[in-house]
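Q: my questions concern the predicted model and sequence given below.
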Amino acid sequence: MTVESSAARKPRRSAAGKAGTTGSKTGTTAGTTGATGTERTTRTTRSTAKKSTDPELVQLLTPEGKRVKNAEYDPFVAGITPEDLRGLYRDMVLTRRFDAEATALQRQGELGLWASLLGQEAAQIGSGRATREDDYVFPTYREHGVAWCRGVDPANLLGMFRGVNNGGWDPNSNNFHLYTIVIGSQTLHATGYAMGVAKDGADSAVIAYFGDGASSQGDVAESFTFAAVYNAPVVFFCQNNQWAISEPTERQTRVPLYQRAQGYGFPGVRVDGNDVLACLAVTKWALERARNGEGPTLVEAFTYRMGAHTTSDDPTRYRGDEERLAWEAKDPILRLRRYLEASNHADEGFFAELESESEALGRRVREAVRAMPDPDHFAIFENAYADGHALVDEERAQFAAYQASFADEGGH
Amino acid sequence: MAEKMAMAKAINESLRRALDADPKVLVMGEDVGKLGGVFRVTDGLQKDFGESRVIDTPLAESGIVGTAIGLALRGYRPVVEIQFDGFVFPAYDQIVTQLAKMHARSLGKVKLPVVVRIPYGGGIGAVEHHSESPEALFAHVAGLKVVSPSNSSDAYWMMQQAIQSDDPVIYFEPKRRYWDKAEVDPEAIPAPLHKARVVREGTDLTLAAYGPMVKLCQEAADAAAEEGKSLEVLDLRSVSPLDFDSVQASVEKTRRLVVVHEAPVFFGSGAEIAARITERCFYHLEAPVLRVGGYHAPYPPARLEETYLPDLDRVLDAVDRSLAY
């Protein structure tokens, strides 16, 4: 019943959500497929069609690695040098290597869980490299590439996944806030922080990361409201990776996400999230707006989570191979490599050197994780309060006495 | 110079002093600006400190607390107002999952000096969601401190201390006492924020309460005195941490304890006090610790709240039951 009615609604929804003949055609296809009762195929067809036809997608590099002109956003990457481009490539490759290592470490039992960013390297490196040192970043729990751009030691990101802490780094040392597990909460923290930046008269900007699933959360809506009302210098960077665990974007929204901004009174733009150059340019534009006192912007990076939601997830249960294959053809790393090679901005030596650097990073991360000591038992009681709390003191003392009772027996 | 003032005014004066002393202190909430809050607790503050210090917010509680967290991360000390007790729940997620835990998660690097003001409790004939006492829900969460003044002087000083605390403090204001007047001395040396106080000495039984119920317990002690019973009244002042040492000292003297609060008895703060005092004072107690509070029922419509809320007779009945052991 659910499947049937959902399928029946689809043609109307997709026709409304898209422009031009391709949209209607997709609608027809979806309707036909839906009638056969295979919802998975329906979704695949629709989402595949959606990203390739969307007229509003900002793109500077095609999947084939061809540079395309964009009068509006080209100025934001006008000064980019071949060295910068190699730097972006290096960032993406190393981030992917780090991510793969973490996934492997989870499989080897060294980490309890890992949330892979595979496929989202361009969105993260492009936006992360657009930030300035004094800007402040509020991530979800998947922004390993942004953390890399902010200079956070990758090993620090693994502490909470290994279970030795619940955060583990000083947010102020890199202006990179702790990962936030509760979906969307951090968008309000970013907005409040940005309100503070504005009060201070500083020209820093703030960027809040969240996903397509989080766009359904009240906190994200409230952060849009606050940011608009107070004209806060914050960029909302939504990585629409198409899936919130097993729920597709169409279960979160009936309009393209970037269009939500309009209802709050600030601009929204959809960028090709697999195009690092476009992500860099669009984020720079949005951050500049924030610095200039022009208020918030919503950037929707249209991308794809190539792996599982986390290592506990099994995407084969809810999506088909063809969808993944279609997105793999748009791989963000491959795309820049093609461009670098075609424009002679990088030679074999560069790629070979990067390969060995990647391996070294993997080794370093692996060693760092294995060397992470379990926290001291008394860490339970540490930092629950800044000014202390009588009950915590009492329970710590009780625990100490309990521990000491084992020592007296000469064991444990 | 000491001055007699209503509790609402005392909090207003306290906020004014804090805003004046520290440019990082902010007051935020729905209607706190021009209107001065629905109880006028923030009356005149926006006029004197401007819209960037006393901030009227959108009608969104999670947004209020969530942005206050962000402002605190930037170095501000926000004092946010939740308009009524029952409206705190949209913000409960931000308070519990974010505000309470961020200091620990950052291994102590981040401090969140946020005060959440919540007018709470019943007795004013309000409609649904305007009379609840959810303090136990916050006291149960590590990382939060929970306090509730019972008089103007404490309201004034505890607000100063809550704002100065580097921990998040949930500051419950007993709204039915907003208009009660008492002396406030801005030159005084205040008691520590989390210390209970004996407000009336006695020898036969201890009544422990906080916030709106302290006055009721004082009235009960007066009435009992006419019957020749000597009751000690403790104003706990702080629910988390709770000053068990003071309760213990009093119980070791009187050997009997009745805890009074407006919140439902079941899983309430009285249960925690009873358990701990039983543990600490087992051989001193002449009777089990008794509790007087609300029923395990939704807060009733206004015409029934006098039935629901602890009153003089219910407190005295518990006193009689304790003394009968």
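A: Ah, there it is. Numbering: from 1, shown residues only, chains lettered A, B, ... in the order given.

Q: just to check, residue A:243 is in contact with residue A:309?
A: Yes. Using CB atoms under 8 Å, residue A:243 makes contact with residue A:309 at a distance of 7.0 Å. Backbone N, C-alpha and C define where each C-beta goes, glycine included.

Q: and for the two, which residues touch both?
A: residue A:315 (CB atoms under 8 Å, 6 or more residues apart in numbering or on different chains).

Q: phi, psi for the residue nearest to residue B:236 when sequence neighbours are not counted please.
A: Distances taken as CB to CB, 6 or more residues apart in numbering or on different chains put residue B:210 closest to residue B:236, at 4.2 Å, once the chain neighbours are dropped. The phi/psi pair for residue B:210 (degrees, to the nearest 10) reads phi -150, psi 160.

Q: separation between residue B:116 and residue B:237?
A: Distance, residue B:116 to residue B:237, by CB to CB, to the nearest Å: 17 Å.

Q: show me what contacts the residue of the stretch 201-350 of chain A found nearest chain B?
A: Closest residue of the stretch 201-350 of chain A to chain B, CB to the nearest CB: residue A:222 (3.5 Å). By CB under 8 Å, 6+ apart, the contact set of residue A:222 is A:188, B:58, B:60, B:62, B:63, B:66.

Q: could you do residue A:340 as well?
A: A:65, A:82, A:85, A:86, A:89, A:346.

Q: so the fourth one belongs to a strand, correct?
A: The reference is to residue A:86. No. Counting by DSSP: H, G, I helix; E, B strand; the rest coil, residue A:86 is not part of a strand but helix.

Q: confidence score at it?
A: In this prediction, residue A:86 carries a pLDDT score of 98.

Q: ok, residue A:406 next?
A: 89.

Q: wait, what's in contact with residue 70?
A: Using chain A here. Residue A:70 touches A:58, A:59, A:60, A:278, A:281, counting by CB under 8 Å, 6+ apart.

Q: my question was about chain B
A: Residue B:70 neighbours (CB under 8 Å, 6+ apart): A:188, A:189, A:190, A:191, A:192, A:193, A:194, A:195, A:196.

Q: can you name the helix or strand that it falls in?
A: Here residue B:70 is covered by helix B:61-73, with elements defined by DSSP states H and E.

Q: now swap in residue A:333 and tell me
A: Residue A:333 belongs to helix A:332-342, assigned by DSSP H and E.

Q: relative to residue B:245, how far out is the residue nearest to residue B:49 when sequence neighbours are not counted?
A: Leaving out its chain neighbours, the residue that sits closest to residue B:49 by CB to CB, 6+ apart is residue B:19, at 5.0 Å. Using CB to CB, one gets 34 Å for the distance from residue B:19 to residue B:245.

Q: ok, residues contacting stretch B:292-304?
A: So stretch B:292-304 is in contact with B:122, B:125-128, B:131-133, B:258-266, B:268, B:270, B:305, B:307-310, B:314-315, B:318, going by CB under 8 Å, 6+ apart.

Q: so which bits of that stretch are buried?
A: For stretch B:292-304, a neighbour-count test (16 or more other CB atoms under 10 Å in any protein chain shown) marks B:292, B:293, B:294, B:299, B:300, B:302 as buried.

Q: can you redo the contacts of residue A:222 as CSV with distance to residue B:162, pLDDT and neighbour count?
A: Formatted as CSV, the contacts of residue A:222 follow (distance: CB to CB, whole Å; pLDDT from 0 to 100; neighbours: other CB atoms under 10 Å in any protein chain shown):
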residue, distance to residue B:162, pLDDT, neighbour count
A:188, 22, 98, 30
B:58, 24, 98, 15
B:60, 23, 98, 22
B:62, 21, 98, 24
B:63, 22, 98, 28
B:66, 20, 98, 30
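
Q: would you turn the residues you listed into CSV with distance to residue A:150?
A: Output for those, formatted as CSV (distance: CB to CB, whole Å):
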residue, distance to residue A:150
A:188, 21
B:58, 30
B:60, 30
B:62, 27
B:63, 26
B:66, 22
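
Q: so where does residue A:183 fall, helix or strand?
A: Per DSSP H and E, there is no helix or strand for residue A:183.

Q: what pLDDT does it get?
A: 97.

Q: I'd guessed it sits against residue A:215; true?
A: No. Contact criterion CB under 8 Å: residue A:183 and residue A:215 do not qualify, at 9.6 Å.

Q: the more surrounded of these two?
A: Looking at residue A:183 and residue A:215 with other CB atoms under 10 Å in any protein chain shown, you find the greater number of neighbours at residue A:215, namely 24 against 19.

Q: all the strands of the chain, in order from the start?
A: This is for chain A. A:136-138, A:206-211, A:234-240, A:243-244, A:247-248, A:268-272, A:297-302 (DSSP state E).

Q: actually chain B
A: Going by DSSP E, chain B shows strands at B:3-6, B:25-29, B:54-56, B:77-81, B:115-120, B:145-147, B:169-174, B:181-184, B:197-200, B:205-209, B:231-235, B:238-240, B:257-264, B:290-294.

Q: the closest residue to residue A:232 other than its chain neighbours - how many residues pack around it?
A: Computed as CB to CB, 6+ apart, the closest residue to residue A:232 that is not its neighbour in sequence is residue A:194, at 3.8 Å. The tally of other residues near residue A:194 (other CB under 10 Å) stands at 33.

Q: what do you get for residue A:376?
A: Using other CB under 10 Å: residue A:376 sits among 8 other residues.

Q: check it and give its pLDDT.
A: For residue A:376, pLDDT reads 95.

Q: show the backbone phi and psi for it.
A: phi -60, psi 150.

Q: which residues does it contact?
A: Contacts of residue A:376 (CB under 8 Å, 6+ apart): none.

Q: can you list the residues of the stretch 101-250 of chain A near chain B?
A: A:165-172, A:177-178, A:180, A:182, A:185, A:187-197, A:199-200, A:218-219, A:222-223, A:225-226, A:229 (CB under 8 Å from any CB of the partner chain).

Q: is residue B:69 in contact with residue B:99, as I believe?
A: Yes. In terms of CB under 8 Å, residue B:69 counts as a neighbour of residue B:99; the distance is 5.8 Å.

Q: tell me, what's touching those two both at once?
A: What both residue B:69 and residue B:99 touch, as defined by CB under 8 Å, 6+ apart, is the set B:112, B:114.

Q: returning to that earlier point: the residue nearest to residue A:232 is in contact with residue A:205, isn't it?
A: Yes. Counting by CB under 8 Å, residue A:194 touches residue A:205, with 7.5 Å between them.

Q: if I look at these two, which residues touch both of them?
A: A:136, A:233, A:234, A:290.

Q: now, among the residues you listed, which is nearest to residue B:283?
A: residue A:136 (56.8 Å; CB to CB).

Q: ok, that closest one touching residue A:209?
A: No. Judged on CB under 8 Å, residue A:136 makes no contact with residue A:209 at a distance of 11.9 Å.

Q: any idea how far the closest residue to residue A:101 other than its chain neighbours lies from residue A:333?
A: Closest residue in space to residue A:101, ignoring its immediate chain neighbours: residue A:362 at 4.3 Å, by CB to CB, 6+ apart. Using CB to CB, we find residue A:362 at a distance of 16 Å from residue A:333.

Q: repeat that for residue A:270.
A: Counting by CB to CB - residue A:270 and residue A:333 are separated by 21 Å.

Q: neighbour count winner among these two?
A: Per other CB under 10 Å, whichever of residue A:270 and residue A:333 has more neighbours is residue A:270, with 23 against 19.

Q: just the pLDDT for that one.
A: Predicted confidence (pLDDT) for residue A:270: 98.

Q: so what's it up against?
A: Here residue A:270 is in contact with A:54, A:56, A:57, A:58, A:256, A:257, A:258, A:300, A:302 (CB under 8 Å, 6+ apart).
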